[in-house]
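J.: The sequence and its predicted three-dimensional model are supplied below.
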Amino acid sequence: MTLPDDPHTREDTPETKGIAYDGDAFVPLESAVISMIDRGFVRSDATYDVTHVWKGRFFRLDDYVNRFFSSMRGLCMEIRESRDEVKSVLQECVARSGLRDAYVQMTCTRGVPPVGSRNPKDCENRFTAFAQPFVWIATPEQQAKGVHMIVASNERISSKAIDLRIKNFHWLDLTTGILEAYDKGASIAVHPGLDGNLTEGAGFNVFVVKGNRLATPDGNVFEGMTRRTVLETADRLQLKPEIRAVDPRELLDADEIFVTSTAGGIMPVTIVDGHDVGAGTVGPVTHSVHDLYWSLHEGSQYSSAVAYK
């Protein structure tokens, strides 16, 4: 498997640590603040999305921004910035930072309520953004061997409670899974849903490989952009994607397992609940999907160049 390079060595300055847009101005990320009474902070009343820059190119920027606006619409939020203005802010954050490999977040918080009001619609919604050095769920070194995953003992929050297609900060169920994973010597956890079938993990979707078939859960998940990219391009590798209910027992019978995320791309799983997946090494399908995904960052179909200063 051809792994992406580690982030470039860079001078440690306030800019290379990250640049933020606080709703009014561009500032060093370490200096950016929001109000302590913004409902985004005190009620997790917010939505966000994360795109990334790799080797100086944004990946699927339009798709990420469109999904961000869809999430805001789903939560009855509206910002003064247009889609093009949001893209311009994200571009500016990256350009000012000088980062060639970056994690780039856009956020809409509900805002500060007027005194005496409990009506969320009375708030002025606030758009903020930042770029920081690229973030990994599993580093290239970890990916070379594969990561250890567990099936968490706690359920993922139900889509009947909150539409999980809207990216949000409701992470206590996911954080509980992360803590359990580390307690068990693993690094990531995938959660069952109310029906017992698999859902997702903290910031990632899961794929189960059997032969040339790629099965990924069909419900109670955030439909990640990396997941979408795998589904859209699987036919290039003569693979057949299946979006369906996935029983946890399928993990033990899988030829291969991998997880997908903006924060790392395609990441192989070689141990589940202490048991080897397949041969216990990174398999050929995961290799192929991984290499195809990163190659898509080089062309104009899926990526666009950052206009650095």
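T.: On my side now, so go ahead. Numbers count the residues shown, from 1 in each chain.
J.: and residue 37, how many neighbours?
T.: 10 (other Cβ atoms under 10 Å). (Each C-beta comes from the backbone N, C-alpha and C, glycine too.)
J.: swap that for residue 185, please
T.: Residue 185: 10 neighbours (other Cβ under 10 Å).
J.: One more: residue 186?
T.: 21.
J.: so is the residue nearest to it when sequence neighbours are not counted in a helix, a strand, or just coil?
T.: Spatial nearest neighbour of residue 186, chain neighbours left out: residue 148 (4.0 Å); criterion: Cβ to Cβ, 6 or more residues apart in numbering. The three-state label given to residue 148 by DSSP: H, G, I helix; E, B strand; the rest coil is strand.
J.: now the helices for this protein?
T.: 14-17, 39-42, 61-74, 83-97, 140-145, 172-183, 225-233, 249-252, 284-295 (DSSP state H).
J.: quick one: the residue of the chain most remote from its centre from residue 126, how far?
T.: Residue distances from the centre of the chain (Cα atoms, centre = their mean) peak at residue 116, which lies 36.2 Å from the mean C-alpha position. Relative to residue 126, residue 116 is positioned 20 Å away (Cβ to Cβ, to the nearest Å).
J.: and residue 102, how far is that from residue 94?
T.: In this structure, residue 102 and residue 94 are 5 Å apart, going by Cβ to Cβ.
J.: typo on my end, residue 23
T.: Distance from residue 23 to residue 94, by Cβ to Cβ: 18 Å.
J.: now do residue 50
T.: Taken as Cβ to Cβ, the span from residue 50 to residue 94 is 13 Å.
J.: So for these two, which residue has more residues nearby?
T.: residue 94 (27 against 19).
J.: can you pull the pLDDT of the more buried one?
T.: For residue 94, the pLDDT comes out at 98.
J.: what residues are up against it?
T.: Residue 94 is in contact with 19, 53, 58, 102, 104, 131, 306, 308, counting by Cβ atoms under 8 Å, 6 or more residues apart in numbering.
J.: Pull out the buried residues from those.
T.: Among the contacts of residue 94, those buried by neighbour count (16 or more other Cβ atoms under 10 Å) are 19, 53, 58, 102, 104, 131, 306.
J.: With distance to residue 292 and pLDDT as extra columns, can I get those in a markdown table?
T.: What follows is the buried ones among the contacts of residue 94, written out as a markdown table (distance: Cβ to Cβ, whole Å; pLDDT from 0 to 100):
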| residue | distance to residue 292 | pLDDT |
| --- | --- | --- |
| 19 | 31 | 98 |
| 53 | 19 | 98 |
| 58 | 19 | 98 |
| 102 | 22 | 98 |
| 104 | 23 | 98 |
| 131 | 26 | 98 |
| 306 | 23 | 97 |
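J.: Columns distance to residue 153 on top of those, output as a markdown table?
T.: As requested, those are exported to a markdown table (distance: Cβ to Cβ, whole Å):
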| residue | distance to residue 153 |
| --- | --- |
| 19 | 40 |
| 53 | 37 |
| 58 | 38 |
| 102 | 35 |
| 104 | 34 |
| 131 | 36 |
| 306 | 42 |
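J.: farthest pair in these?
T.: 19 and 58 (15.0 Å; Cβ to Cβ).
J.: remind me which residues of this protein are low pLDDT?
T.: 1-11 (pLDDT under 70).
J.: how far away is the residue farthest from the centre of the chain from residue 122?
T.: 10 Å.
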